[in-house]
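S.K.: I'll drop the sequence and a predicted model, then ask my questions.
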Amino acid sequence: MRNSGRAQVEAFLEMLSAERGAAANTLAAYGADLEEAIAFMSSRNSALPAAGSDDLKAFIADLAGRGYAASSQARKLSALRQFFRFLHAEGLRADDPTGTIDTPRKGQALPKILSVEEVSRLIAQAEADIAAAGSDQERYQRIRFRALLELLYATGMRVSELVSLPERVWSGDGRFLMIRGKGNKERLVPLSLPARQAMADWIATRNAAWPANTDDPQWLFPAASDLGHLARQVFARDLKALAGRAQIPARLVSPHVLRHAFASHLLANGADLRAVQELLGHADISTTQIYTHVLDERLRQLVNDHHPLAKSGINRDVAADNG
């Protein structure tokens, strides 16, 4: 069998150290990745410097089969790319076999969501916190927080949109809000009855506390900050604290997770994907489609329960065999 390629790998690592100043841990990582490739090629009675594209694709496939994450596969492929470019630059290879190999891609991460029961616990805890408030100031802050929470879950707004809502968007009975989102685009969103009630409580509480000798508030949720309205970091911090009191791990809860919950719960209960796209303010429906993972089981059950031929599939197969 030909030389396994360790001599060429050592020369490559020396180049990285001398010419590029690679750190010791970087050299060790490259060395380990290439050593793994050497071992794989040896199992195929081949040598790494002579490997072709099919050999390297087989190596990546073997990594995937052994449970390596796409990020780990991509890192090892990166080491191979640099190694073969080095061989080509040194005149040791006439070609680069990695040129036709696609980098393994991470699967699209599904959004974290909360169940309906978990969201209900958050809201119930927010209401209990109001009842347990020890001072007028604490009660004021907790009524404001409950309104923010109800509004977020009722609309799926981005937290930056939520905290910076101008006062003028609230009018009449509050059945709808006009939200200005990304790209300065506006969208109209309806409010649920619980959200409208929570907002009515907040407006009444805020107005009662607003000094009579000052102008009307510019923001729906004014605060003593440089922005003039509640900071999104403050709301996010308070939301995690609420989760802890509701016996839900704080790491699972954030304003964006509630936005995910809004979309997922709507879809799970039969909402149209295009309608959810409009409510979320997504420019491209492909962004909204990530939430359809929640529909998989529901749709499977729907077909099994209601498709006229689904339950008789086995009988039809038997009848065909007997026919």
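M.R.: Right, received. Where do you want to start? Numbers count the residues shown, from 1 in each chain.
S.K.: show me where the stretch 101-250 of the chain has helices.
M.R.: Using DSSP state H, counting those that start in this stretch, the helices of the stretch 101-250 of the chain run over 116-131, 136-155, 159-163, 193-209, 232-245.
S.K.: make TSV out of those helices and add distance to residue 272 and mean neighbour count.
M.R.: (C-beta placed from N, C-alpha, C; glycine too.) Compiled in TSV, the helices of the stretch 101-250 of the chain are given as follows (distance: least, CB to CB, whole Å; neighbours: other CB atoms under 10 Å):
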stretch	distance to residue 272	mean neighbour count
helix 116-131	19	16
helix 136-155	17	21
helix 159-163	22	20
helix 193-209	21	16
helix 232-245	29	17
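S.K.: quick one: the ones you listed as JSON lines, columns for mean pLDDT and distance to residue 99 too.
M.R.: Listed next are the helices of the stretch 101-250 of the chain as JSON lines, based on pLDDT from 0 to 100; distance: least, CB to CB, whole Å:
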{"stretch": "helix 116-131", "mean pLDDT": "96", "distance to residue 99": "49"}
{"stretch": "helix 136-155", "mean pLDDT": "95", "distance to residue 99": "48"}
{"stretch": "helix 159-163", "mean pLDDT": "93", "distance to residue 99": "43"}
{"stretch": "helix 193-209", "mean pLDDT": "92", "distance to residue 99": "55"}
{"stretch": "helix 232-245", "mean pLDDT": "96", "distance to residue 99": "45"}
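S.K.: residue 30: which of the ones you listed is closest?
M.R.: In terms of CB to CB, the element of those nearest to residue 30 is helix 232-245, at 39.7 Å.
S.K.: any stretches of the stretch 201-323 of the chain with poor pLDDT?
M.R.: For the stretch 201-323 of the chain, applying pLDDT under 70 flags the ranges 212-214, 292-304, 306-323.
S.K.: out of the helices of the stretch 101-250 of the chain, which is closest to residue 6?
M.R.: helix 232-245 (51.4 Å).
S.K.: let me see the contact set for the closest residue to residue 288 other than its chain neighbours.
M.R.: Take residue 288 and drop its neighbours on the chain: the residue closest to it by CB to CB, 6 or more residues apart in numbering is residue 277, 4.3 Å away. Residues in contact with residue 277 (CB atoms under 8 Å, 6 or more residues apart in numbering) are 285, 287-288.
S.K.: and residue 277, how far from residue 217?
M.R.: As judged by CB to CB, to the nearest Å, residue 277 and residue 217 stand 32 Å apart.
S.K.: go on, residue 124?
M.R.: Applying CB to CB, the value for residue 124 to residue 217 is 29 Å.
S.K.: show me what contacts the residue nearest to residue 148 when sequence neighbours are not counted?
M.R.: Counting by CB to CB, 6+ apart, residue 235 is the residue found nearest to residue 148 once chain neighbours are left out, at 5.9 Å. By CB under 8 Å, 6+ apart, the contact set of residue 235 is 145, 148, 159, 162-163, 255.
S.K.: quick revisit: same list (the helices of the stretch 101-250 of the chain) but as CSV, adding distance to residue 38.
M.R.: What follows is the helices of the stretch 101-250 of the chain, written out as CSV (distance: least, CB to CB, whole Å):
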stretch, distance to residue 38
helix 116-131, 50
helix 136-155, 54
helix 159-163, 50
helix 193-209, 62
helix 232-245, 48
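S.K.: since that was my last question, I'll sign off now.
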